[in-house]
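[1] With the sequence up front, the predicted model follows.
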Amino acid sequence: MSGAVALRRPVIGSVVRVDPVPTSRSAVDPDDAEVGRRFAAGEEQALAWAYERWAGQVHGMAVRAFGPGPDAEDVTQQVFVAAWTGRARFRPDESPLPAWLVGICRHKIADAWARRDKQRREAEAALTEAQARPGGPVTAGVDTAATDRVLLLDELDHLGQPQRGIIELAFFEDLTHAQIAERTGLPLGTVKSHIRRTLERLRTRLEVDGAALHA
Amino acid sequence: MQHCTPEQLALAALREPLPDADAAHLEECAACRAEVASLRRGVEALAVPQLAAPGAAVPPPPRVWDAIAAATGVSAVPHQDAAPAAAAPSVPPPAEPEVGTVLPFRSRRRGWLAAAAAVAVGAVIGAGAVAIVQREDDGGEQVTAIALDPLAGNDASGRAEIVRRDDGSRVVQLELDAPQLDDAYYELWLIDRDVVGMVPLGIAQAGSNTYELPDGLELGRFPLVDVSVEPLDGNPEHSGVSVCRGELET
């Protein structure tokens, strides 16, 4: 279907190839799509190629979230390790490899935020408990946004196309519904109703799992 | 007046502007506002700059690949700067993210964007926009001059003057005080208040720059004067990384 195909372009376009020394790439190196196929097939060289081409983009995102340093490096490392170990889930025909890596990077950033948040809460809870024993159940402040993000990114993974592409353009490329319609070639009304249904779906996920998690 | 449609409320949750009648209804209607708020929680969790599409690339240090190779057991080695052996010479320093404030703002919607712009602009309106119509030494009259204040976390700043020449043409004269960039360049933009429409005026260097304004361009429509950092990627859009900004008083 043409809508889903058209959706891939902006995603590819947003991922800038990292190639500071273009001449160093040999003429036999495969194109990006071929790297994706070989990655999915488990060819080790494809992991090295993927790293050459997209580690800068992934690390750039991590640095934007955490600043330069060990936290950002951890995230970058986790992204490539998770991509490699989870390569059976990568569908080279459905999405370009760099877009898939960027999606994993969002998860890893959100996971790191949630971990930090949990540690902070545990530290606060321990302090509260030590100070105020005996007491009722400890209810330290919860940064619901950190846990919301982890849940919602997971929910995005379960969206089909073109819903996923549409909401990603709205969330991550900051496009209006009119711009999304233009980019994807989908009718305005279709874009609007997909946006509506996806936001409802995210709301439901928060109401069901979010409530359970925060209880 | 009828309630807004569910689709419009979803767009409102994304902070898209609604048609006037619907916007007016939303103002007044508690039920519609509650619906927007409930849909917005997801938007606010995910539509954050840190999760936006990748901006400037930052090559990771070689130890990152070492750790990946150790964790995966993969023995293939990436070329170029990513490879441990070839680490040193060609690695550009990860300059951009430190230089620029990340404001992915290709659109009009985001609350945080509006807030960021308001912070950047607030001081300027108070202090910067001063001289209206002064005679310039080199012919023409200065219509207005504003300070471009650094956006959080970097030390670029500048001053922009709009000058009307005697032949009626207009130019922007930019004085930019900003650090040298590796693998990136500065660009000057005029941007509308909704941060949707943008007029790229051209590459900017530290020091003095002059840009011709297109005849008929309404400055009142594009009052934000913005200097961005652009990677050398050939993408003509604004990178979303701005280093300093001011607002023309209109």
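    Arrived safely, thanks for sending.
[2] I figured A:Arg106 was touching A:Leu152, is that so?
    No: taking contacts as Cβ atoms under 8 Å, A:Arg106 lies outside contact range of A:Leu152: 10.2 Å. All C-beta spots, glycine's among them, are computed from the backbone N, C-alpha and C.
[3] all helices of the chain, in order?
    Just so you know, I chose chain A. Per DSSP state H, chain A carries helices over the ranges A:2-14, A:32-40, A:44-66, A:70-85, A:97-131, A:144-157, A:163-172, A:177-184, A:188-205, A:211-214.
[4] that's the wrong chain, I wanted chain B
    With DSSP H, the ranges of helices along chain B come out as B:6-13, B:20-28, B:30-46, B:62-72, B:96-99, B:111-127.
[5] mind giving me the domain ranges of chain B?
    B:6-47, B:59-92, B:96-247 (automatic domain parsing).
[6] Export those domains as TSV, with columns for mean neighbour count.
    Listed next are the domains of chain B as TSV, based on neighbours: other Cβ atoms under 10 Å in any protein chain shown:
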stretch	mean neighbour count
domain B:6-47	18
domain B:59-92	17
domain B:96-247	17
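[7] now those domains as a markdown table including distance to A:Arg115?
    Below are these laid out as a markdown table (distance: least, Cβ to Cβ, whole Å):
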| stretch | distance to A:Arg115 |
| --- | --- |
| domain B:6-47 | 16 |
| domain B:59-92 | 18 |
| domain B:96-247 | 22 |
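[8] Compile those domains into JSON lines and extend it with columns for distance to A:Thr144 and mean pLDDT.
    Formatted as JSON lines, these follow (distance: least, Cβ to Cβ, whole Å; pLDDT from 0 to 100):
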{"stretch": "domain B:6-47", "distance to A:Thr144": "8", "mean pLDDT": "94"}
{"stretch": "domain B:59-92", "distance to A:Thr144": "31", "mean pLDDT": "70"}
{"stretch": "domain B:96-247", "distance to A:Thr144": "18", "mean pLDDT": "71"}
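[9] Nearest approach to A:Ala82 belongs to which of those domains?
    Checking the domains of chain B against A:Ala82 by Cβ to Cβ gives domain B:59-92 as the closest, at 9.8 Å.
[10] hmm, back to that, distance to chain A added to the domains of chain B, as CSV?
    CSV is the format used below for those (distance: least, Cβ to the nearest Cβ, whole Å):
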stretch, distance to chain A
domain B:6-47, 3
domain B:59-92, 4
domain B:96-247, 4
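[11] closest one to A:Val79 among these?
    domain B:59-92 (9.2 Å).
[12] May I have the top strand by length along chain B exported as PDB, CA atoms only?
    Counting residues, the longest strand in chain B under DSSP state E turns out to be strand B:141-150. What follows is strand B:141-150, C-alpha atoms only, in PDB (Å, rounded to 0.1, in the frame of the first residue of the first chain):
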ATOM      1  CA  GLU B 141      18.300  54.300   7.400                       C
ATOM      2  CA  GLN B 142      18.200  51.800  10.200                       C
ATOM      3  CA  VAL B 143      14.700  50.700  10.700                       C
ATOM      4  CA  THR B 144      15.200  48.700  13.800                       C
ATOM      5  CA  ALA B 145      18.000  47.000  15.700                       C
ATOM      6  CA  ILE B 146      17.700  44.100  18.200                       C
ATOM      7  CA  ALA B 147      20.000  42.100  20.300                       C
ATOM      8  CA  LEU B 148      20.200  38.400  19.700                       C
ATOM      9  CA  ASP B 149      20.500  36.800  23.100                       C
ATOM     10  CA  PRO B 150      22.200  33.500  23.700                       C
END
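[13] Any idea how far that strand is from the middle of the chain?
    18 Å (Cα atoms, centre = their mean, to the nearest Å).
[14] do stretch B:31-51 as well
    22 Å.
[15] ok so, going back, can you tell me which of the helices of chain A comes nearest to B:Pro236?
    Between the helices of chain A, helix A:2-14 lies closest to B:Pro236; by Cβ to Cβ that is 11.1 Å.
[16] Neighbours of the closest residue to B:Arg63 other than its chain neighbours, how many?
    Computed as Cβ to Cβ, 6 or more residues apart in numbering or on different chains, the closest residue to B:Arg63 that is not its neighbour in sequence is A:Glu73, at 7.2 Å. By the criterion of other Cβ atoms under 10 Å in any protein chain shown, A:Glu73 has 19 neighbours.
[17] In this structure A:Glu73 contacts B:Val64, no?
    Yes: contact status for A:Glu73 versus B:Val64: in contact at 5.1 Å, counting by Cβ under 8 Å.
[18] Could you pull out the residues contacting both of those two?
    A:His59 (Cβ atoms under 8 Å, 6 or more residues apart in numbering or on different chains).
[19] Let me see the domain layout of chain A.
    Split by automatic domain parsing, chain A gives A:1-14+A:26-141, A:142-215.
[20] Leaving out chain neighbours, which residue sits closest to B:Cys244?
    B:Leu148 is the one closest to B:Cys244 (Cβ to Cβ, 6+ apart), at 4.2 Å.
[21] contacting residues around the one you found?
    Taking Cβ under 8 Å, 6+ apart, one finds B:124, B:157-160, B:176, B:225, B:227, B:244-246 in contact with B:Leu148.
[22] Repeat that for B:Leu219.
    B:162, B:190, B:213, B:248, B:250.
[23] how near is the second one to B:Ser239?
    Right, the one you point to is B:Leu190. 16 Å (Cβ to Cβ, to the nearest Å).
[24] Nearest to A:Arg116, out of the domains of chain B?
    Nearest of these to A:Arg116, taken as Cβ to Cβ: domain B:6-47 at 15.8 Å.
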